[in-house]
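Asker: Here's a sequence, model it:
(one chain, ligands or ions: 1)
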Amino acid sequence: MLRNALLWASSNPYLSERLPRARFVQRATRRFLPGERLEDALGEARRLQGEGTATTVTLLGENVATPADADAVAEHYLAAMETIREEGLDTEISVKLTQLGLDQDLAATRHRLDRLVRGCDPGALVWLDMESSACVDRTLEIFRAVREDHQNVGVCLQAYLQRTKADLEKLLPLHPAIRLVKGAYKEPPDVAFPRKADVDQNYIRLTSMLMRARKEGRAGRPVIGTHDSRMVGEANRMAHELGLAKDAYEIAMLYGIRTAEQERLVRSGYTLRVLVSYGSHWFPWYMRRLAERPANVWFVLRQLVR
Ligand SMILES: Cc1cc2nc3c(=O)[nH]c(=O)nc-3n(C[C@H](O)[C@H](O)[C@H](O)COP(=O)(O)OP(=O)(O)OC[C@H]3O[C@@H](n4cnc5c(N)ncnc54)[C@H](O)[C@@H]3O)c2cc1C
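Answerer: Numbers count the residues shown, from 1 in each chain. Now for the predicted structure:
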């Protein structure tokens, strides 16, 4: 119930206008968000790189209202990639297509993504976040179109969606780089598996497909995006059995979540990438983080008491 309430709150305009102004909410976000500016995220990227961890950075915000807003996001990321290159950081960017204008104009969104991919370092990837199920067809259509011309683009797929196995099968001929996650949005049961056990089972099945495709040279770098030790353990076990090197795939986690486990993975020689978010539009994103682990709500309430 609490998960549903938090996911409902994540898309409520009244709450997203007012709650972010509350000091106790701002204090609580610091655990998952180093700051609102790109420099805050890159500061953490620098520190993490010193500890052997690569990063992805993402500007929070979704569903921009005008083409000018979408252009501004594209310009922001182009400048960010320039800074990343100048500083020699092992940092990639991950974008939401609704931030690049997906709700307004498919062709213009594709054009903006095309610019980002061209502006990206040849050795790095521009990642597409996956948003709610209403966006999946359009996101994959744009991914396909851009992937046909460029290698350095990857896309996130969500294991909670019943369609994802079929989507992955259709994408494999493109040798795609895929980031696999469980999925963070509120979806109806005819679209997403309602039971966590089914989501986990699908996650393991999709991981196996990705790892085998990687071994056979049919996929780019698989990214196992989860904090679930069982999922990570299964992925590592599969890679080991297939004889895949530890740098042939990545494990990815969110900034501030399970940091001890992140350090343990790096110490054990696995390739870890941490996704660091920044920006002022953090409310819906933050509500989704609370929904993933309702125990985090107590953390917020403790800030209120303090
Ligand atoms: C790198 C990365 C990129 C992502 N990109 C997307 C995307 O593009 N689209 C999308 O829909 N979703 C995305 N997500 C979110 C993802 O879909 C899940 O909602 C999120 O990762 C929680 O699921 P889990 O796999 O960690 O497993 P769960 O089964 O939810 O959690 C496993 C364990 O991890 C810990 N944990 C999980 N979440 C939290 C939390 N918020 N706070 C504290 N502990 C926690 C808990 O110990 C929990 O028991 C991304 C996640 C990662 C790590």
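Asker: Confirm residue 32 sits in a helix?
Answerer: No - counting by DSSP: H, G, I helix; E, B strand; the rest coil, residue 32 is not found in a helix; it is coil.
Asker: How is this protein partitioned into domains?
Answerer: As given by automatic domain parsing, the domain ranges for the chain are 1-33+283-306, 38-281.
Asker: Can you tell me which residues in the stretch 151-300 of the chain are near the ligand?
Answerer: When proximity is defined as CB under 6 Å from any ligand atom, the stretch 151-300 of the chain approaches the ligand at 156, 158, 181-185, 225-228, 252-254, 257-258, 275, 289, 292-293, 296. Bear in mind the C-beta positions are built from the backbone N, C-alpha and C, glycine included.
Asker: Now, of those, which are buried?
Answerer: For these, a burial check counting by 16 or more other CB atoms under 10 Å picks out 156, 158, 181-185, 225-228, 252-254, 257-258, 275, 289, 292, 296.
Asker: Just the helices from the stretch 101-250 of the chain, written as ranges.
Answerer: 106-119, 136-149, 164-171, 196-215, 229-242 (DSSP state H, counting those that start in this stretch).
Asker: Now do the shortest one and helix 136-149, the angle between them.
Answerer: Here helix 164-171 runs at an angle of 20 degrees relative to helix 136-149 (axes from the mean of the first three to the mean of the last three CA atoms, to 10 degrees).
Asker: just to revisit the earlier point, and the domains of the chain, which is most packed in?
Answerer: Counting by mean count of other CB atoms under 10 Å, domain 38-281 has the highest mean neighbour count of those, with a mean of 18.
Asker: That domain: end-to-end distance?
Answerer: Chord length of domain 38-281, first to last residue, is 13 Å (CA to CA, to the nearest Å).
Asker: now it: mean pLDDT?
Answerer: Mean per-residue pLDDT for domain 38-281: 96.
Asker: What separation is there between residue 245 and the ligand?
Answerer: 21 Å (CB to the nearest ligand atom, to the nearest Å).
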